[in-house]
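Q: Sharing a sequence plus its predicted fold:
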2 protein chains.
Amino acid sequence: MAEEKALTPRSEDFSAWYNGVVQRSELAGYSPVRGCMVIRPHGYAIWELMQRALDEMFKATGHQNAYFPLFVPESFLKKEAEHVEGFAPEIALVTRGGGKELEEPLVIRPTSEAIIWPIMADWIQSYRDLPMLINQWANIVRWEMRTRPFLRTLEFLWQEGHTAHATWDDAQRETLLILGLYRKFMEEWMAMPPVTGIKTEWDKFAGADRTYACEAMMQDNWALQAGTSHNLGQNFARAFDVKYQTEEGEHEYVWSTSWGVSTRLVGGLVMTHSDDLGLVLPPKLAPIQVVIVPIWKSEDEKVRVLEAGAQLKSTLEGEIRVKFDDRDTLNPGAKYYEWEEKGVPIRLEIGPKDLEKRQVMAVLRSSADAKRRKLPIPAGDVAARVPDLLDQMQQGLLDAALRRREESSYRGVTDYEEFKKIMSTGGGFIYTGYCGAEECETKVKDDTKATIRVVPDEDFGSETVPDTCICGGAAQHEVVWARAY
Amino acid sequence: MAEEKALTPRSEDFSAWYNGVVQRSELAGYSPVRGCMVIRPHGYAIWELMQRALDEMFKATGHQNAYFPLFVPESFLKKEAEHVEGFAPEIALVTRGGGKELEEPLVIRPTSEAIIWPIMADWIQSYRDLPMLINQWANIVRWEMRTRPFLRTLEFLWQEGHTAHATWDDAQRETLLILGLYRKFMEEWMAMPPVTGIKTEWDKFAGADRTYACEAMMQDNWALQAGTSHNLGQNFARAFDVKYQTEEGEHEYVWSTSWGVSTRLVGGLVMTHSDDLGLVLPPKLAPIQVVIVPIWKSEDEKVRVLEAGAQLKSTLEGEIRVKFDDRDTLNPGAKYYEWEEKGVPIRLEIGPKDLEKRQVMAVLRSSADAKRRKLPIPAGDVAARVPDLLDQMQQGLLDAALRRREESSYRGVTDYEEFKKIMSTGGGFIYTGYCGAEECETKVKDDTKATIRVVPDEDFGSETVPDTCICGGAAQHEVVWARAY
């Protein structure tokens, strides 16, 4: 608000550009609490649209929402050995309450397995109660040292699914079902197509048997881990004694999963589409899809364009999220600038000449072809054309993101010098054979800062797995490397 | 789950009955963290319906959602003297993060004024930025010693509105606008008609100039404070230096408001309508409005009633939240019991005889006239009749609640002996004149446990203000007394 510094160009300093877009488009701001951001109305409105779409997907697949306590007794977190090891360094502890020192400190949930399972254990008696498919929308605290708005903050908002099943197969199906829903959401709503796959043993969620992830490519060719889905095996069931009675009367531990996406997705959306003018939003996630800007000089013109603008608004609203910017404290140019910066997909200008020609002038925030950014639409066609234009823009952003991803994806790389050259120039997703040794990844990371993102799923992997690892050894399978947020 | 103890009758022990309904209808459960409940899917689904209705009301009146940090630096809370005095005893403190002692402890928000105002101060520059109308859906922690599910818990969910205005008048209008929205929501959605009014000086929100409240009468004739709306004057603007530039170029402190309702409303809903069979829900807030229960003996009948049930479901869904309970692990009687306990407004039974008669048997969960609880509906009329029945039940619950409230409201009481007799027998809302002295209220409270709820708004107050206070002194105005949660 206070300063109006120009946006750092994306090509000059991606990180400064990102921070600039987030600030100037009023998605989020810094707060007086170290590492905690405030999500401003424009950013929160995007998150609400994301929530609604995801929530409908979860409910359509049989999941129910619930709410579990913010606090986890410290002793509970310690019950699953790998879990506590993974999260202990990031913990915030409540040690005083109601003016007194607590007998047992309370951890603020860094994730909720350790409070959900002791509670769900009471809800599950028999095979008839399975599967139990629960989701929670909540805030999470992880004591991160280096933070950036949306991408990594001390506190963030997310959803966390927690499910219980009768068999390993059922849990595995759920894990992959959710991975698929996440991918679908990122493609169809965010126009941010991820590569999906499974994490290495040492990159799994603390306490999981298997971790699957969505890895999306940002415009700087870095990867963003945008969602994860975990098959937890019986690890938490054993730690918290979650058993069910089978049809045959036996008592067995349940098989469980957990999965989540967070406000980090808003950061991914920014880094996937935005440009040097500011925010670019896929129409499905734009809080305002169309802004109408009236243009006038004389009072007489003002009366007529304001009337036409109000009418246009009432024609569009209902189906479209539309705003009529009739402020008379700003000139049209300042309004253009503001709404472009905030990523509104379509601006409809109405001036006296447009009224004469019975048209409105549409200006598209994103278009592969710059010449087609501005187009007149006959007044009678606006209601029909605008939804089509929004659909085309949604598709155009997805196509562009896919094209960028493929242009910066490298397959069949076997030569480490070539690998290093790619990483030190433009970077990207490099698919190689992999020997399976942790030390091999460590060396590559030390040399290039790239890490293994995933063992890619069938849809993304090469047709034949390369024979040799990037280290020269025999390959066990293929992996995708990238520098990552 | 585990125990299937019968529900304590409401007339025998209201408190045990309440806890029983909450547990048995699976609205909420206890958690291993003292004073924190877990909101189970059925309870959370009611909260989601409440959220959606309120959120639409807030947005329709120009409010935007945002999200502010969970943590408030301890020094911030201390900036508004009355505010910290009010909340200090209920604070939970984070003293360790990331393995280290914090330099300054962080308070977990007991309400967000002290973190919102230092941040919003940066968003507000000029009169053009006003009014600024912000709402937040969030979790809150207050270190309560005696807790009860929904009514009073260490952690709860709520919405908190925070607005800034250019004048006292604007802030006052906002305070009353929201009080009106709350009343409308409680009447039209919850069928829980509140009495509204202003709190006494010593019963205000800590830091407010004026506090208005909705006070609803529960079935035990106790009052539940169900929502509050505060005119904060310039108290927080001064404490956090929130100024704006006027049109004339002067710098002035803003005038602010705050207001909230919480998951406490779910408790109010239970105590307003439920009965000895369990939960009763107004149809607008029922996660399942209609349950279809098929009845069969032979396999042939099963095929036919299941087909008819599925068809009935597809006829109703879309407009109605309908569940088809086709489980074959439970007999119809067990299903009736379960869905009555969970408060589903309408049960539609389909058996072989109903198929013959081309009808379904509707059973209403709530009806003033017990004989009309069960009625056959011709199959072709179901789609038209069910929405009407739901509307009638919604209205019937509101009418019944209003009638109960008026039956237990006493006006023109001037004799303190009569007052004490009412409070010691059935209790209720007693309207009396009031001298304005805090000691007078203290004495009444010591004698009868009743407190002043509000100075009633015009819609509720007596036509003429009584001359004398219940203490015998001269009355300044009228007040409403009740025992309260």
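A: Great, that's in hand.

Q: now the closest residue to residue A:289 other than its chain neighbours: how far from residue B:231?
A: Using CB to CB, 6 or more residues apart in numbering or on different chains and skipping the chain neighbours, the partner closest in space to residue A:289 is residue A:321 (4.6 Å). C-betas here are computed from N, CA, C, even on glycine. Remark: distance between residue A:321 and residue B:231 (CB to CB, to the nearest Å) = 33 Å.

Q: Show me which of those two is the more surrounded one.
A: It is residue B:231, of residue A:321 and residue B:231, that has more neighbours when counted by other CB atoms under 10 Å in any protein chain shown, with 26 against 19.

Q: so which strand or helix has the more buried one?
A: strand B:223-233 (DSSP states H and E).

Q: Which strands or helices does that strand pack on?
A: helix B:168-188, strand B:210-217, strand B:255-262, helix B:264-273 (3 or more CB pairs under 8 Å, 6 or more residues apart in numbering or on different chains; DSSP states H and E).

Q: Out of the ones you listed, flag the one nearest residue A:74.
A: With respect to residue A:74, and counting by CB to CB, the nearest of these is strand B:255-262 at 27.5 Å.

Q: Please write out the alpha-carbon positions of the closest one in PDB.
A: Written as PDB, here are the backbone C-alpha positions of strand B:255-262 (Å, rounded to 0.1, in the frame of the first residue of the first chain):
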ATOM      1  CA  TRP B 255     -14.100   4.100  14.500                       C
ATOM      2  CA  SER B 256     -14.300   0.300  14.700                       C
ATOM      3  CA  THR B 257     -16.600  -2.600  15.500                       C
ATOM      4  CA  SER B 258     -16.200  -6.300  16.100                       C
ATOM      5  CA  TRP B 259     -18.800  -9.000  16.300                       C
ATOM      6  CA  GLY B 260     -18.900 -12.800  16.400                       C
ATOM      7  CA  VAL B 261     -20.900 -16.000  16.600                       C
ATOM      8  CA  SER B 262     -19.300 -19.400  17.300                       C
END
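
Q: what pairs with it, and is each one parallel or antiparallel?
A: Applying DSSP bridges, strand B:255-262 is found paired with strand B:155-165 (antiparallel), strand B:223-233 (antiparallel).

Q: a markdown table for those strands, including distance to residue A:335 and mean pLDDT?
A: Formatted as a markdown table, the strands paired with strand B:255-262 follow (distance: least, CB to CB, whole Å; pLDDT from 0 to 100):
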| stretch | distance to residue A:335 | mean pLDDT |
| --- | --- | --- |
| strand B:155-165 | 24 | 98 |
| strand B:223-233 | 33 | 98 |
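
Q: which one of those strands is the most hemmed in?
A: Comparing the strands paired with strand B:255-262 by mean neighbour count (mean count of other CB atoms under 10 Å in any protein chain shown), strand B:223-233 ranks first with a mean of 25.

Q: now the angle between helix B:168-188 and it, please.
A: Strand B:223-233 runs at 160 degrees relative to helix B:168-188, counting by axes from the mean of the first three to the mean of the last three CA atoms, to 10 degrees.

Q: what's the spacing between strand B:223-233 and its chain's center?
A: A distance of 12 Å separates the centroid of the chain from that of strand B:223-233, by CA atoms, centre = their mean, to the nearest Å.
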